[in-house]
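Undergrad: could you work out the structure for the sequence below:
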Amino acid sequence: MKKLDEWAKGRPIFIAIASQQIAFGAEPCFQALHALKSGEPVDGFTEAPHIDYWISLYKNHKKITESFKKTFSGFDELSEIGISISDLLSFNRKQRRMLGSKKYNNNLRKKFESLSQEDWDEIQNFWKEVYLISLDSIKSDIAGEYDKELSEKIKNTIKEPEMIFYLRVWVPCWMLYGELPPTLLRSARLGNIEALEKLIRLDNSVIHEPKIAEILHQASAKKNKSTYNLLVKAQLKGPKTKITLQKIKMNFAGFISAASSAFGHRLSEPEIRSLFDAVACDTGKGDIDTDIPDSPEAFAKAIQRERQFWSIIPQPDKK
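TA: Got it, this is the predicted structure:
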């Protein structure tokens, strides 16, 4: 992990850890989305929950997020930090907009200044430990090594309906369409055929939602059955959205930019490029990441474009 370690030097350790994990996670995310788009089953999903309960998860954001936290909290230090980041970015808008602002930074600085040297050393040592654990986890993933006990625990917990829904519907819906399932379902229930087609292509179980079932029923009775035929065909095919490794990396680059900015240290295009290059080098794929556009201008535009995708992460006020 020589290149990743070099990249982290001089950058806030919290942002370095998160950015390294996100950049390294781009390829596994691509592989998972590609598998889901191809119709491959989620590992551990051997028995479908009752259809009424499955449909209810489309409308229960809180239950999904609570299940996510409950599942991953306590696995290891990295999962705990991931939950913490998720919580920070899930604050209400007013709280999130304070992150990285001058007022927030000043208050944070005052708190740090009030710490004793012993407290300060303890905090620094904690983050150094977490950083080393993070690098070790990436190294183990590259080598194909894994903790059997932890792997079995994860496998057992993702058998819960809420986690299967999170992996099978929630995450793919956001990554492929830029919308969360409740929002897309609401549009579909109001008669938006494009939204309905997207949902059916992602999860054809949604046709059992009462309002959706009625829309399909009425469409089948009309003389012009083009809408009905479109929706029937959608049940046999996956999402239309084209998935490429480059697209996922651009999306993750935008996320790194938006998230680092939210926490008061926005990473620039050269910094994000060098991060992906470091991942490529440490994973044995060459000195540079060939999925990243050669032109700095093109990559900067891609990052800016994908930042819009991650607009759910409000940026700090300048006050």
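Undergrad: what about Gln124, how many neighbours?
TA: 11 (other C-beta atoms under 10 Å). Just so you know, the C-beta spots here come from the backbone N, C-alpha and C atoms, and that holds for glycine as well.
Undergrad: if I look at Tyr228, how far off is Asp5?
TA: From Tyr228 across to Asp5, the span is 58 Å (C-beta to C-beta, to the nearest Å).
Undergrad: can you name the next helix or strand after the helix or strand containing His217?
TA: Take DSSP states H and E as the rule and His217 turns out to sit in helix 210-221. The C-terminal neighbour of helix 210-221 among helices and strands, as given by DSSP H and E, is helix 226-234.
Undergrad: let me see the domain layout of this structure.
TA: Domain assignment for the chain by automatic domain parsing gives 1-178+243-319, 179-234.
Undergrad: as TSV, those domains with mean pLDDT would be great.
TA: Compiled in TSV, these are given as follows (pLDDT from 0 to 100):
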stretch	mean pLDDT
domain 1-178+243-319	81
domain 179-234	89
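Undergrad: give the next helix or strand downstream of the helix or strand encompassing Ala253.
TA: Under the criterion DSSP H and E, the helix or strand holding Ala253 is helix 245-262. Once the chain leaves helix 245-262, the next helix or strand it forms, by DSSP H and E, is helix 269-282.
Undergrad: tilt between the following helix or strand past that next one and helix 269-282?
TA: Following the chain from helix 269-282 toward its C-terminal end, the next helix or strand by DSSP H and E is helix 296-309. Between the direction of helix 296-309 and that of helix 269-282, the angle (axes from the mean of the first three to the mean of the last three C-alpha atoms, to 10 degrees) works out to 100 degrees.
Undergrad: distance between helix 296-309 and the chain's centre?
TA: When C-alpha coordinates are averaged (C-alpha atoms, centre = their mean, to the nearest Å), helix 296-309 and its chain have centres 18 Å apart.
Undergrad: ok, and for it, which residues are buried?
TA: If you call a residue buried by 16 or more other C-beta atoms under 10 Å, then helix 296-309 has these buried ones: Phe299, Ala300, Ala302, Ile303, Glu306, Arg307.
Undergrad: which residues touch the fifth one?
TA: Taking C-beta atoms under 8 Å, 6 or more residues apart in numbering as the definition of contact, the neighbours of Glu306 are Met250, Asn251, Ala253, Gly254, Phe255, Ser257.
Undergrad: most neighbours of all the residues you listed, which one?
TA: Ala253 (27 neighbours).
Undergrad: OK, contacts around that one?
TA: Ala253 touches Ala23, Ile272, Phe276, Ile292, Phe299, Ala302, Ile303, Glu306, counting by C-beta under 8 Å, 6+ apart.
Undergrad: go again with 10 Å.
TA: Shown here is Ala253, whose contacts under the criterion C-beta atoms under 10 Å, 6 or more residues apart in numbering are 19, 22-23, 26, 267, 269, 272-273, 275-276, 292, 299-300, 302-303, 306-307.
Undergrad: over to Ser38?
TA: With C-beta under 10 Å, 6+ apart as the criterion, the residues that contact Ser38 are Gly238, Ile243.
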